[in-house]
Every structure is written in structure tokens, then in C-alpha cells.
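Visitor: Here is a sequence together with a model predicted from it:
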Amino acid sequence: MANKTHDTVSALEDKAILVSLVTDSVKRSGIDPEESLLELVQLAETAGVEVLDVITQNRETPDSKWFIGKGKVEELRMAIDGLGASTAIFDQELSGAQVRNLEEALDVKIIDRTQLILDIFAQRAKTREGIIQVELAQLTYLLPRLSGHGKNLSRLGGGIGTRGPGESKLETDRRHIRDRISDLKRQLDEVTRHRKLHRERRKKSGAIQVALVGYTNAGKSTLLNRLTASDVYVENQLFATLDPTSRVLELPSGKEVVLTDTVGFIQNLPHDLIAAFRATLEEANEADLILHVVDASSTMRESQMDVVQSILEDLGAAEKPQIVLFNKKDACQPEQLEMLPSGDGYLKISAYDEADLNTVREVIQDRLSGGNVRFRIPADRGDLHAVVYRVGDVLEQSFDENDLIYEVRINTADYEKSGYLLEDFIEK
């Protein structure tokens, strides 16, 4: 398949002014506009954009034609001319008509938050699955907006907003776009089928699955590397990891589990992107245990945790056993650490502290364990003796006349698969 998510590098770096509209509905939503705008700055920088200025406007509702209102558009135009900006990036989603009107009035590229995130994903997609997912999300997003984005598509200089799904393709008729979307969905269904088969094989083999989830740039990939002595790509950027990466993690008992890193979540993650990456995100849904990695040093920590929980709920994974890892404790002030929740299910760690990593391994082992159980198995039941070794770690074995007695530390996930065969042989 041809790579449609072209990584078109502009000869000149995009220079942008960021725009945020704070409406009554935004205030009611619980989203902090200042935090969201700060995150937009990070997103822009991750995409390789130089941020020149930030403009905020308060309105009861968005202007249907201009989004920010005619007067604010004029203020934005003057700022663009004065600073030499080539792009205006909006923190909220725009309609195709609004994009067209703003482009005509401002004579620069108009990008919204969703398109910026999609652009970053287009830069980062490397595997066939990732490339398909990103192009599908881009086309699904752009199809109803084909009347806008004229400036974006006509400029040949590249830069943000012009990566992939093929600029010339988007200027053709909608039917062609819909045909491409259908083709991508078929390809993705095939990839999804293979991923599902792979997961089922892992389950049949008895592999225990642990998933790392969390807000983007919380340190999941670093933690994966440190826990498993791997070399997964790590960068202090948003969405450094797009494709799920699985590695073997050895627990203190010597038992091995599969630890999987997943794509980072973000506030207002585009719905089209969630849909396209659903097969990837299903790794969290299939996990026996979820490690929710949190950047403890972030001023937006609590809202980031809420975003992650919300997306887990959407995936149907919110009820999975979960451990919250407050990462980057070495970047926190003592008073910040004191404010963090503590107790069962919470750990304050640094991915660079070996003692903390050992504690994480022990807590994973304990959480997967269902405690110790004694089984009394008749000596002639060879089939059941094999099951005993499958459901946990045998700590002690002894003989009593015609029976074998096992002291076993149960692994909950393993026991759920075949422990029912041993129910009648538990020694009370």
C-alpha cells in the first residue's frame, strides 16, 4: 500500500498564532481553557511549529460564520500581518465553512486542534497499521469539510495540515474519498482480525497481559524500557509512541508476563482517531491488569487522569484491575508528593529509580496473585497435577498417604482460565 500520510517537511518552519474561544459550554464542561491552551502550545511545538502569539476570546457561543466574531478576526489579521505568521491554529474544532471564511479573511492556513493532532499522528505513523489508521482518521475528519481547507490544499510548501492523505486527492469528488475510506476500513478490518488472532494466541498460551496506559508524555515508554531492559523509542514529546509495543516482563517469582505500551491519551482526542485506533486501544481492554501511568509533576495531573478514565470507560476497560503509578516523582516538590493519593493501588515512583522499579514488579505480582491456596490432589490424578502448576506458583509440595498437597500462590488471571477444575480439591 502506498503511504498516503506523507511527511512533507516545509522549507520554512510554520509560524503560528494560537487562538482559543472560551464559551459558556466550555466553562460548564470542566475543561480549564488555560490548561487546554498550554497543551495546544505543546502540540504545536511537537508538530514543529514556532508559536508567535496566543489570542483568547470570551463569547457565550461561537460565531457561526467566523467562530470568534468579525471584530476578533480583524484583530487576528493585524497580529498575523504584524508578526509575519503563516498559520492560525484554533484550540477548538472548526466547520468547513468557518475554515473557508477565515482563510479568505486572513490569507493564511487555518488549522484546528483536531487537525493538528492528526498531523502529529501522520508524522509519527511508521507501521502499516498506524499509517492506515491515521489516513482513515484524516479522511473521515476532512470529508465533511471539503468546502473549506482550500488554502491548506493549494499551498505546495507543505508544513502542518498538509501531510497526507494526498493533497490532490482531496480536491477530487467526494465519492472518490468515500471509496478510499471504504478501502481503508477493509484493510484495517484485516489488520484488526490479525491482531485479535494474535491476542487469542497469547491467551491460549497462558500469557498474562499487563497494559501501560496514560496521558501522552506521562513516561509510559520509559517505564517499559526500564522494566524490561528494552530500547523502545522515547522522546520528551507528545505522542512519541503510536504503535503498541509488547515486551516480556519478569516478575520477582520468575514468572513472565507480557507488558504492552499503548498510544497516549489527550484531552479532546478526536473521535475519528479513537475509532481508527480502536484495534490498538483494545490492548487495554484485553489486559489482565492496567498500569495507569501519571505525570505526577504536571499541573494538569488530575484533569489528565480524568481524561484517561473517561477513554477507558469508552473502551469498556474502566472496571479492569488497575494500579496508578505516579511517575516522575524526582521532578516533584515535596509538597506535591504529599498531595498525591496513597495506599493500595497507588505508587509514587521514578522510572529511573531501580528500587521503585522493583517495587512496581512486586506490586504487579501481588495484584495478579489471588493469595495462597492449599490443594489436596489424589496421586493418580495426573491431569490435575498439571493444572496446579498452570494456575500459580507452587511454593511447597508434600505427600499424605495417597494424596499430594500443594501450597500454591494463585495467579488470578491464570486461575480464572482453568482453576474451576481444582475447586473440589481445595483444602479448607
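Guide: Received it, and whenever you're ready, just let me know what you need. Numbering: from 1, shown residues only.
Visitor: which residues of the stretch 201-350 of the chain fall in strands?
Guide: Along the stretch 201-350 of the chain, the stretches classed as strands by DSSP state E, counting those that start in this stretch are 209-214, 245-250, 256-261, 289-295, 322-327, 346-348.
Visitor: can you redo the ones you listed as CSV with mean pLDDT, distance to E93 and mean neighbour count?
Guide: All C-beta spots, glycine's among them, are computed from the backbone N, C-alpha and C. CSV is the format used below for these (pLDDT from 0 to 100; distance: least, CB to CB, whole Å; neighbours: other CB atoms under 10 Å):
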stretch, mean pLDDT, distance to E93, mean neighbour count
strand 209-214, 92, 24, 25
strand 245-250, 88, 30, 17
strand 256-261, 89, 28, 22
strand 289-295, 95, 26, 24
strand 322-327, 96, 30, 23
strand 346-348, 95, 35, 18
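Visitor: Out of those strands, the one nearest V134 is which?
Guide: Comparison of the strands of the stretch 201-350 of the chain against V134 by CB to CB identifies strand 245-250 as nearest, at 17.3 Å.
Visitor: tell me the angle of the closest one relative to strand 209-214?
Guide: Relative orientation of strand 245-250 and strand 209-214, computed by axes from the mean of the first three to the mean of the last three CA atoms, to 10 degrees: 120 degrees.
Visitor: helices or strands up against strand 245-250?
Guide: helix 220-228, strand 256-261, helix 354-368 (3 or more CB pairs under 8 Å, 6 or more residues apart in numbering; DSSP states H and E).
Visitor: where does the stretch 151-300 of the chain have low pLDDT?
Guide: Within the stretch 151-300 of the chain, the stretches with pLDDT under 70 are 151-173, 203, 205-206, 232-244, 276, 279-280.
Visitor: where do the helices sit along the stretch 101-250 of the chain?
Guide: For the stretch 101-250 of the chain, the helices defined by DSSP state H, counting those that start in this stretch occupy 113-124, 128-142, 150-154, 167-170, 174-204, 220-228.
Visitor: Now the most centrally placed residue in the chain, what are its backbone angles?
Guide: The residue lying closest to the centre of the chain (CA atoms, centre = their mean) is G264, at 2.6 Å. Backbone torsions for G264, taken as degrees, to the nearest 10, come to phi -70, psi 150.
Visitor: Spatially, what comes nearest to it if we skip its sequence neighbours?
Guide: In space, and not counting its chain neighbours, G264 is closest to T216: 3.0 Å by CB to CB, 6 or more residues apart in numbering.
Visitor: go on, R301?
Guide: V294 (6.1 Å).
Visitor: coming back round to it: okay if I get the helices and strands packed on strand 245-250 as CSV plus distance to D414?
Guide: Listed next are the helices and strands packed on strand 245-250 as CSV, based on distance: least, CB to CB, whole Å:
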stretch, distance to D414
helix 220-228, 20
strand 256-261, 10
helix 354-368, 8
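Visitor: wait, which of those is closest to Q98?
Guide: helix 220-228 (35.4 Å).
Visitor: That closest one versus strand 289-295: what angle between them?
Guide: Per the same axes, to 10 degrees, the angle that helix 220-228 makes with strand 289-295 is 120 degrees.
Visitor: which residues touch helix 220-228?
Guide: 212-214, 230-234, 240-241, 245, 247-249, 259, 261-262, 264, 291, 293, 325, 327, 351-352, 357, 360-361 (CB atoms under 8 Å, 6 or more residues apart in numbering).
Visitor: Wait, a helix at I31?
Guide: No. Going by DSSP: H, G, I helix; E, B strand; the rest coil, the assignment for I31 is coil, not a helix.
Visitor: For it, list the residues it contacts.
Guide: Per CB under 8 Å, 6+ apart, neighbours of I31: Q267, N268, S303.
Visitor: Ranking by neighbours, what's the top pick from these?
Guide: Q267 (19 neighbours; other CB atoms under 10 Å).
Visitor: How is Q92 assigned, secondary-structure-wise?
Guide: Reduced to three states by three-state DSSP, Q92 is coil.
Visitor: V258 bridge partners, please.
Guide: Listed beta-bridge partners, V258: Q209, V248 (assigned using DSSP bridges).
Visitor: which ones are touching it?
Guide: V258 neighbours (CB under 8 Å, 6+ apart): R202, A207, I208, Q209, V210, S246, R247, V248, L249.
Visitor: ok, back up a step: need the helices of the stretch 101-250 of the chain in TSV (columns: mean neighbour count and distance to I410).
Guide: TSV is the format used below for the helices of the stretch 101-250 of the chain (neighbours: other CB atoms under 10 Å; distance: least, CB to CB, whole Å):
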stretch	mean neighbour count	distance to I410
helix 113-124	25	41
helix 128-142	23	36
helix 150-154	18	57
helix 167-170	16	55
helix 174-204	14	18
helix 220-228	22	23
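Visitor: Relative to V394, which of these is closest?
Guide: Of all the helices of the stretch 101-250 of the chain, helix 174-204 comes closest under CB to CB, at 22.1 Å.
Visitor: so I117 makes contact with L43?
Guide: Yes. Checked against CB atoms under 8 Å, the pair I117 and L43 is within contact range at 6.5 Å.
Visitor: hmm, back to that, let's have the helices of the stretch 101-250 of the chain in CSV, adding distance to S29.
Guide: Converted to CSV, the helices of the stretch 101-250 of the chain look like this (distance: least, CB to CB, whole Å):
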stretch, distance to S29
helix 113-124, 14
helix 128-142, 21
helix 150-154, 28
helix 167-170, 31
helix 174-204, 30
helix 220-228, 26
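Visitor: Which of those helices sits closest to G96?
Guide: Using CB to CB, the helices of the stretch 101-250 of the chain put helix 128-142 closest to G96, at 8.7 Å.
Visitor: Domains in this structure, by residue range?
Guide: What automatic domain parsing lists as the domains of the chain is 15-176, 207-352, 369-425.
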